[in-house]
Structures are given as structure tokens and as C-alpha cells.
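> sequence plus predicted model, see below.
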Amino acid sequence: MRFLMTTSKADPPDDKLVAEMDRLVEEMTRKGVLLAAGGLDPVGTRVTSSGGKITVTDGPFTEAKETILSFALVEARSKDEAIELARRFWLIAGNGEGAIRQVYGPE
Amino acid sequence: MRVMTVPEAHRAVDAVWRLESARIIAGLARLVNDVGLAEELAQDALVAALRQWPESGIPPNPGAWLMATARHQAIDRIRRNERLRHRLDQLGHEARQRQDSAIFGQPDLDAVIEGEGVADDLLRLMFIACHPVLSTEARVALTLKLLGGLTTEEIARAFLTTEPTVAQRIVRAKRTLASKQIPFEVPPELERAARLASVLEVIYLIFNEGYTATAGDDWIRPELCYEALRLGRMLAELSPAEPEVHGLTALMEIQASRMRARLGPAGEPIPLLEQNRGAWDQLLIRRGFAALLRAERLGRPPGPYMVQAAIAACHARAASAADTDWERIVALYELLTALTPTPVVELNRAVAVAMAFGPERGLELVDPLTAEPELRGYHLLPSVRGDLLARLGRHEEARAEFERAASLARNARERAVLLDRAAACPPAGFP
């Protein structure tokens, strides 16, 4: 099963955190647990489609309640395993907030 | 720490166990020099977690908690047992020599278990679980149990057998390892190649049981494929200088990338060339290419897994079936035939030759195989023959071959596809 983990709030990283996180990312990638990961530009572009009309609006969006800051696509055997992986991530990342959602499709 | 409900805690313990049990068992096995006892001690730690975590909440570092608990139990056990105490002194002595610093009194158990040796311990565990002294079935069961963290029940379900059968198999395997005094070690140089071959064989066997389930109603049991992939990736990390380890991992990554495209809506198998390549998992293909590259970079003559991975990579690179570089695939099969001259490889080479140079040429290679005792009862031989005959317009013969293939197939889905192909052959006298 694949899960998309996202963070929406996180402490700014220091050098130690970056080094530890690099190690975790490397270990998880080698194990095939981490399939893709990255940080996201907080200023995005919004695309809406309505009645065949596509509208593109550049950010920033002040009304946005929750912006995704980073993501990780992971392969886990169960949701509980994904939660355990998230626990390991947050042990390094410190304070913050995120979400875990199962990805449907490529099974 | 968050207090959780009992089922929640149990599920969390379960998840941690699957991720950590191999490391814990491996570390303990080196300490007590007995895989069976190591697993027992690890199980005790699991039971303690199941008892305590629902009340205490999950500890911040659950893996370390399990390890510490198991270690305490091991120390208790060791103190009560003369033979083990001797082993502990020996380990302490080795550790002292290694560190070249005098640690007097009790050996530093943390260093013994958690030193830089974790990777080596896991490798030792893999080698012992796949020891040639054990039957193939026992190796498979023990590997899934000790390294995959699967329960006996899960293994039984995956191999369509009963839990007591698997449990019995594992108990006997552990007893054999103990009675033959198989050391918990990375095999010495002389034995290493043969022992590694056994490990690779077990992993690929698990993969294939998932990829084309030989029996039962489902043609694919993906969880077994993913388990084998995990084991392959783990081994690649533990043994990075072995090209065949990366070769096998590459092969499995690329084959697994087709998982979604290999089944039709009714669960029927779809042959490689008819698959929707848009449904192939590009993430896994990329991992496969990377693993193959790692194998090639080691600059040693390719072994059978590397060659098979190279063949799989040829298919993965072709944007459509028509774009397949069959001549390169034929050349790779020739290499594979030289490395492993088996009738099954020869049959695959015949298929590639038929694609590259026409069905007659393929049939010339297939016909002599019908006399091979090893292929008697192998449903893919008449299936391939039927396919080549159909392409040559020899429909009556083709139908007979498909029917024979169907009667030999043990998997229900596969049988249905073969019967459909037989029925699709136009009757005699039909233009």
C-alpha cells in the first residue's frame, strides 16, 4: 500500500536536523519504503476548471488555511506501519503537523 | 505519550514488530548463538509490549524499547544458564579485544548487541535462515518468519497450507540448525558463493510464488512479491559488493512494476506483450534500472539474475510491444543459456527467437524440448507451442496444445485463459 505523508506545519530545520533527516531519507529510500519526497514552494498556482473553462491564478493565497510544505510517498504494509514511519519522521522533525493518506491506484 | 485503546496498541505493536523484529532477533542470535532461542526471547519482548503499551502508551522509540526488553530477558536467561554464560564471557572477551579498551567485569552488552554489527547480524540471520542443510520449504518459512516478521498464520495463508504445518516446519528447521550446530556467521570465503546462491534462490522463490501463484484461485499474491522485494532490498544494503544481489533486486523491481497491468478485470492473467504499458509502475522501473546499474558498475562478469534483469529492462524500455529490441533479448538469452542451461531457459529463448526471427525458427527450438523429462507436465511448454503453431496457421495442432496446457495448469485463472485460447482456434477445414 502506498501512503502520501504531508506536513503543513514544522519547525524551521537546523543543520543537525537536516543531517539526521538526510540519513533517514537515505535509509528509507534504500529499503524501498520511501518512493519519492520533496519540499514544496509555499507559493503555488491555483487551477480551477468550471464548465470547460480553466482559470489559472498565481499565489500567494492569504485565505489558504493549510498549505502543504513537504511530502513523502511511502510503501508500507499497513496503515499502522505508515504511522510508525511517520513517528520516526517526527522524532527527527520536532514540532509540527502533518497528515497520512492512503493512495489508491498503483497497487 | 498518548494512551490508546487495546486494539489500537496491538496494531501499533504489530507494525513496530514487523519493522524491527529481524534486527532484534539477529542481535540476540549473536548473543546466545542460537536462532531458536533468539526468536523466543524476541517473542517474549513482543508479549511484554502487548501487555504494557496499552497502558503506558507507545514509547518514543519503540524499536529500542523492544530491543532493551529482549536484552534484559536474554541476560536473565544467560545468568541462569552455565553454557550461555560461557558464551557471554567469550563475546565480552571478543568485544574487549576489538575495542582494545579494558572493560572489566560484565561485558558491555549494549556494545555487543548494538555495535556497528547490526548489519552483519542481519546478514548472518539471512544466511542461516537459508542454510542448505534445511529443506527449501523450511528455508522459505524461516526467512519469512525471522526476516520478514510474518506470523506463522500469514505464511500459511500465503502458501495455501495450514498453520500447524508451517509451525511444525519452523520448529523442525530450528531444531536442525541447533543439532547440526550451524554457526551464526557470515560464511567463510570458500562457501560464500554457494551460500549466497541459496539466499537469492529463496528470495526469488518467494517472489515467484507471489508473482505467478502456482496453485489456488488467485494468479497473483502481491503481498508475497512485496515481501520478497523487501528482502532483496535489505540484502542489497547488507551485501552491496555482490552483483547478483543487485541483479536479483533489479529483476524483482522491474517484474513488480507490471503487477497492475498483469491482471484483467476478471482477474485473468494478461501476457506481457498485451499489457497496457501505461499501467506499469515507473517508480519501480526506475528503482530496477538503478539496481541493474549498480550491479553492472561492479564490473564483474554477469550472473544469471543480472542477465534476467537486463532482459526485463529491455521490455521496460520499450514504449510499446512492437518497439521491443528482440535481437538484444535473444542475445541475452544466449548468454543465460550458457550460464544456466536448463530446458525452461531454452523455452524462453525459443519465444524470443520466434519474436525476432519468426515462429518457424522458434518452433525449431521448441520441438526438441517436448522430449525433455524436466518439462513433462510443465504447462508453459504446450502453451508456447500452441501459440507458435497458431501463428503458423496450424490451428488443429494449436488447439490440442492449448488443451493440453490447460489440463496441466494448476492455477484456475491460467487454466481458463488457456481453454479460451483453445476455443478460439478455428476448427479444421477453416481457412
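Yep, it's here. Numbers count the residues shown, from 1 in each chain, chains lettered A, B, ... in the order given.

> which helix or strand contains whichever residue of chain B sits closest to chain A?
Chain A sits closest to B:Ala15 of chain B, with a gap of 3.7 Å, by Cβ to the nearest Cβ. Just so you know, the C-beta spots here come from the backbone N, C-alpha and C atoms, and that holds for glycine as well. B:Ala15 belongs to helix B:6-32 when elements are defined using DSSP states H and E.

> what helices or strands is that helix leaning on?
In this structure, helix B:6-32 packs against helix A:79-93, helix B:35-56, helix B:62-79, helix B:82-99, helix B:109-114, helix B:118-129, helix B:136-146, with contacts taken as 3 or more Cβ pairs under 8 Å, 6 or more residues apart in numbering or on different chains; DSSP states H and E.

> highest average neighbour count across these?
Among the helices and strands packed on helix B:6-32, ranked by average contacts under mean count of other Cβ atoms under 10 Å in any protein chain shown, first place goes to helix B:136-146 (a mean of 24).

> which stretches of chain A form helices?
Along chain A, counting by DSSP state H, helices occupy A:15-30, A:79-93.

> how about the contacts made by the residue of chain A found nearest chain B?
The nearest approach of chain A to chain B comes at A:Asp80, 3.7 Å away (Cβ to the nearest Cβ). By Cβ atoms under 8 Å, 6 or more residues apart in numbering or on different chains, the residues touching A:Asp80 are B:11-12, B:14-15.

> neighbour-wise, which one of those residues leads?
With neighbours taken as other Cβ atoms under 10 Å in any protein chain shown, the top of the contacts of A:Asp80 is B:Ala15, carrying 24 neighbours.

> residues in contact with that residue?
Here B:Ala15 is in contact with A:77-78, A:80-81, A:83-84 (Cβ under 8 Å, 6+ apart).

> how does it look with 10 Å?
With contact taken as Cβ atoms under 10 Å, 6 or more residues apart in numbering or on different chains, B:Ala15 is in contact with A:76-85, A:87, B:58, B:62, B:149.

> same deal with B:Leu293?
With contacts defined as Cβ under 10 Å, 6+ apart, B:Leu293 is in contact with B:246, B:250, B:313.

> which SS class is it?
helix (DSSP: H, G, I helix; E, B strand; the rest coil).

> now do B:Gln308
Following three-state DSSP, the label given to B:Gln308 is helix.

> not counting its neighbours along the chain, what's nearest it?
Once flanking residues are discounted, B:Gln308 sits nearest to B:Leu251: 5.1 Å by Cβ to Cβ, 6 or more residues apart in numbering or on different chains.

> what's the helix or strand containing that neighbour packed up against?
Using DSSP H and E, B:Leu251 sits within helix B:243-256. Where contact means 3 or more Cβ pairs under 10 Å, 6 or more residues apart in numbering or on different chains; DSSP states H and E, helix B:243-256 is packed against helix B:189-211, helix B:222-238, helix B:282-297, helix B:304-317.

> okay, those helices in TSV with mean pLDDT and distance to B:Thr136 next?
Putting the helices and strands packed on helix B:243-256 into TSV (pLDDT from 0 to 100; distance: least, Cβ to Cβ, whole Å) gives the following:
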stretch	mean pLDDT	distance to B:Thr136
helix B:189-211	93	7
helix B:222-238	92	14
helix B:282-297	96	25
helix B:304-317	98	18
